[in-house]
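>>> Below are the sequence and a predicted model for it; my questions follow.
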Amino acid sequence: MDFMDIRKFFFKSHGILLCAVVLFLSSCGGKTSGSEPSVDQTNRVPQLKEGGRMVFGFATELNNFDPFSSMTADARSISFNIFDGLVRVESDGSFVPALAEDYSVSADQITWTFRIRKGVKFHDGKDLTKDDVLYSIQKAIDGGVTGYKAIKSFSFNDSGDTLSIQLSDPDAGFVAYLTTPIVQNEAKNLATHPIGTGPFSFKEYVEQDHLTLEKNSNYWGKKAHLDTIVIKFFASQADFLMNFQAGSIDGFSASADTVEQLDRDEINLYPRNSNSVQLLALNNNFGPFKDKNIRKAICHIVDAETVIRTVNYGYGVKASSPLIPALSKYYASDVDFNYMKDEAKARQLLAASAYPDGFSFTITVPSNYNVHVRTAEVIVAELAKIGIDAQIKQVDWATWLQRVYGEKDYEATVVSFDGHYAYPTAFLARYCSGVKNNLVGFANADYDKTYRKAVATSREDERIDFFKQCQKILSDEAASVFLEDISMLSVYNKNFQGSKDYPLYALDLSAIYAVE
């Protein structure tokens, strides 16, 4: 299997994978949050300057721009700027009209109606039509995009301006799925030449070097400030630091240890929500990890606060659930007790297991993500305290994708998972029995039943309760060790400002502006 085949195989819409390359800060805690720089400004008030060009450093090469097949979080964070859905999510987690000018839902949560915005053009100048909408919905259904299999039928009215979607069962959260991009009817080569309706258009991609985006001057919504953004790919934080200090890039996605090496008075620093959960993923089908007592022992010896403090310099928020804390309405904060550091409890659980004297296993980590490698190092030291010998095996990104994520050929790994929409199903669906993106192989009938109830109920109070029950089952069964919502840090030089938070993994390039 060559690398192009790997890309096509692993970036499926039913698998939402994020390997956190950058460090984010959740609005629920940590050091700082918000869209204002976290450094003191000079007495001179910078003035916004429309237009301009910015070169931004990025650690993950974005080699597939098709929003239906390339589902890495970093790819989605850039696609956020190229494509629009029928709706979009706002900073507060609400869903507002986008390519749909407005929408409504029937009392039984079965019929969803969307009035399509007039006058919208794709980046190539073609008008948005009903055929584009119908094609995109069918493409999402065929691609297994979460939520779309619930669609029973969909059609336009005779005048072609109003879309009606009929669901098989009630789903009050269905609107969250409709942030999925709308693409052109019979779109070709989206992977290498994406055409959307978003605030930035694709201009050029040079493999292993850069991506160039240009301002969409015909954008239907609030237009971007900058004329051009060049996304420059680098292999390491050391490369970022060297190029930033030399002035060849204007900003970059920084790790916390890199930020510590910079003069805070000489930069604008923007912490933002990552809305991803880093975990020590335990393969539930691997010998020792079939034993719940062992999984729980590991949960009690691995301390998330230690990881946040030592690896992330405090830029992170503990998350004892696969659900991000930013979805506070649904987040079950009471599951934390199963993840409290308790060495005596860990020893007791290990003694009651089939491996009372400990065992050995390997943590396979993608070498290009230093934050995961360093987290694994902390975990190894913690596990040694109770006689568990863990070894770290670093592999390249393509190997990790193929063997770990695709073939499930691993014992443990450190990774972060995000959701491409701001709703609990984006984070919890992957733990249902037998689904293709269930990396840890968790299988529990009670979980499956509770998850189905959460999705099916039309009552908000019941839905919240069921989603919290799902998290409690994952915690009680110690499906894996959920650690933190890592914090993302965007560093700009003094010539640029601007950032906007969302309850999902997104880099809103339209919020960045030049100053003078």
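All right, it came through fine. Note that the structure is a prediction, hence the values are computed from the model and not measured.
>>> Which strand runs longest in this structure?
Looking across the chain with DSSP state E, the single longest strand is strand 481-492.
>>> Could you list the paired strands of the helix or strand just after that one along with their orientation?
The helix or strand immediately downstream of strand 481-492 is strand 496-497, counting by DSSP states H and E. Sheet pairing of strand 496-497 (DSSP bridges) gives strand 513-515 (antiparallel).
>>> Mind listing what's buried along the partner strand?
Using 16 or more other CB atoms under 10 Å as the test for burial, strand 513-515 gives Y513, A514, V515. For glycine as for every other residue, the C-beta is placed from the backbone atoms N, C-alpha and C.
>>> want to throw the residues you listed into TSV with distance to F234 and pLDDT?
Shown next, in TSV, are those (distance: CB to CB, whole Å; pLDDT from 0 to 100):
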residue	distance to F234	pLDDT
Y513	24	97
A514	22	97
V515	25	94
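>>> Pull the contacting residues for K318.
Applying CB atoms under 8 Å, 6 or more residues apart in numbering to K318 gives the contacts G29, A304, E305, I308, D336, L483, E484.
>>> list the contacts for the residue nearest to A235 when sequence neighbours are not counted?
Spatial nearest neighbour of A235, chain neighbours left out: N368 (7.1 Å); criterion: CB to CB, 6 or more residues apart in numbering. N368 makes contact with V21, A59, T60, A235, D396, W397 under the criterion CB under 8 Å, 6+ apart.
>>> which one of the residues you listed is nearest T375?
Of all those, the one with the least separation from T375 (CB to CB) is V21, at 13.0 Å.
>>> How many residues are close by S155?
Residues near S155, counting by other CB atoms under 10 Å, number 11.
>>> Quick one: list the elements packing against the strand or helix carrying it.
Secondary structure from DSSP H and E places S155 in strand 151-156. The elements that strand 151-156 packs onto, with contact taken as 3 or more CB pairs under 8 Å, 6 or more residues apart in numbering; DSSP states H and E, are helix 130-142, strand 162-167.
>>> how about a markdown table for these, with mean neighbour count and mean pLDDT added?
Listed next are the helices and strands packed on strand 151-156 as a markdown table, based on neighbours: other CB atoms under 10 Å; pLDDT from 0 to 100:
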| stretch | mean neighbour count | mean pLDDT |
| --- | --- | --- |
| helix 130-142 | 18 | 95 |
| strand 162-167 | 18 | 96 |
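>>> closest to F417 out of these?
helix 130-142 (20.2 Å).
>>> That closest one - contacts with which helices or strands?
By 3+ CB pairs under 8 Å, 6+ apart, helix 130-142 packs against strand 151-156, strand 162-167.
>>> and the first one, which residues are buried?
Same thing as strand 151-156. Residues of strand 151-156 classed as buried: I151, F154, F156 (neighbour count, 16+ other CB under 10 Å).
>>> so how far is V206 from the one residue sitting closest to the centre of the chain?
By CA atoms, centre = their mean, the mean C-alpha position of the chain lies nearest to D418, the distance being 3.1 Å. D418 is 27 Å from V206, where distance means CB to CB, to the nearest Å.
>>> ok, now Q237?
From Q237 across to V206, the span is 22 Å (CB to CB).
>>> Show the contacting residues for K215.
P199, F200, S201, K223, A224, L226, D227, T228.
>>> What is the nearest of the residues you listed to P424?
P199 (28.1 Å).
>>> Surely that closest one and S79 touch.
No. With contact defined as CB atoms under 8 Å, P199 does not reach S79; the gap is 12.0 Å.
>>> count of neighbours near P322?
Using other CB under 10 Å, the number of residues around P322 comes to 24.
>>> can I assume S153 is in contact with L167?
No. The criterion here is CB under 8 Å, and S153 misses it with L167 at 9.1 Å.
>>> neighbour count winner among Q237 and V206?
The neighbour comparison of Q237 against V206 (other CB under 10 Å) goes to Q237, with 23 against 9.
>>> how about the residue nearest to that one when sequence neighbours are not counted, phi and psi?
Of all residues not flanking Q237 in the chain, T258 sits nearest, at 4.6 Å (CB to CB, 6+ apart). Phi and psi for T258, reported as degrees, to the nearest 10, are phi -70, psi -40.
>>> Check I363 too.
Per degrees, to the nearest 10, the backbone of I363 is at phi -100, psi 110.
>>> Likewise for the one 10 residues further on?
Here is the backbone geometry of V373 (degrees, to the nearest 10): phi -60, psi -50.
>>> Model confidence for it, exactly?
At V373, the pLDDT value in this model is 94.
>>> Could you measure from it over to T413?
11 Å.
>>> Who has more neighbours out of those two?
Regarding V373 and T413, a neighbour count based on other CB under 10 Å identifies T413 as having more, with 27 against 17.
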